[in-house]
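Engineer: Sequence first, then the predicted structure, then my questions.
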Amino acid sequence: RRMAAAIVRERAVEAIETTARLAQIVAAANPAWEKGKHPATRAFQAIRIYINGELDALVSVLRQALEALLPGGRLVVISFHSLEDRIVKRFMRDHSRAAQQPGLPAHLQPQLKRLGKALRPGEEEVERNPRARSAVLRVAEKLAVAGADADVR
């Protein structure tokens, strides 16, 4: 809110025409965010995610991947920030829940089986590749739907 208010205030005075100026405004509004990172880093990330519709695209591709997978196929996703990881985690959880009642129709049966826990890079990998520090890898396997005809492609 502080950053947004500062941007609105500055725009009333003068148009913000460069990213450097926007970064300066954000930094002034939020001087101490994360140690070792420019205060505008997260703000620019949020703007990029919103403008590109990245979270909606992730939800869409997860659904498409589930449809495209044959039984036994693996869905492997590496996410690089918590918003993405939360979406992937919930998607895999929601599609892997055991049926609460026997005899449910096929479309209500679980479609995925989660394999292992979330994997994160080790110290050595982060040392070799600092961008890997926030990566989270999750894996699930598509289940055969009981009573469904075999899917041949």
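Structural biologist: Received the coordinates, thanks.
Engineer: Wait, residue 40 touches residue 31, no?
Structural biologist: No - between residue 40 and residue 31 there is no contact under Cβ atoms under 8 Å: 11.0 Å. All C-beta atoms are positioned from the backbone trio N, CA, C, and that covers glycine.
Engineer: higher neighbour count, the two?
Structural biologist: Applying other Cβ atoms under 10 Å to residue 40 and residue 31 shows that residue 40 carries more neighbours, namely 22 against 8.
Engineer: List the residues that contact the more buried one.
Structural biologist: Counting by Cβ atoms under 8 Å, 6 or more residues apart in numbering, residue 40 touches 22, 23, 26, 27.
Engineer: residue contacts, the third one?
Structural biologist: Neighbouring residues of residue 26 by Cβ under 8 Å, 6+ apart: 3, 6, 7, 39, 40, 43.
Engineer: tell me the least confident of those?
Structural biologist: Lowest pLDDT among the contacts of residue 26: residue 39, with 78.
Engineer: burial count for that residue?
Structural biologist: Quick note: residue 39 (other Cβ under 10 Å) scores 18 neighbours.
Engineer: A strand includes it, no?
Structural biologist: No - according to DSSP: H, G, I helix; E, B strand; the rest coil, residue 39 belongs to no strand; its state is coil.
Engineer: Compute the first-to-last residue distance for stretch 68-87.
Structural biologist: Across stretch 68-87, the terminal residues are separated by 19 Å (Cα to Cα, to the nearest Å).
Engineer: Quick check: buried residues in that stretch?
Structural biologist: For stretch 68-87, burial by neighbour count (16 or more other Cβ atoms under 10 Å) applies to 69, 75, 77, 79, 84, 85, 87.
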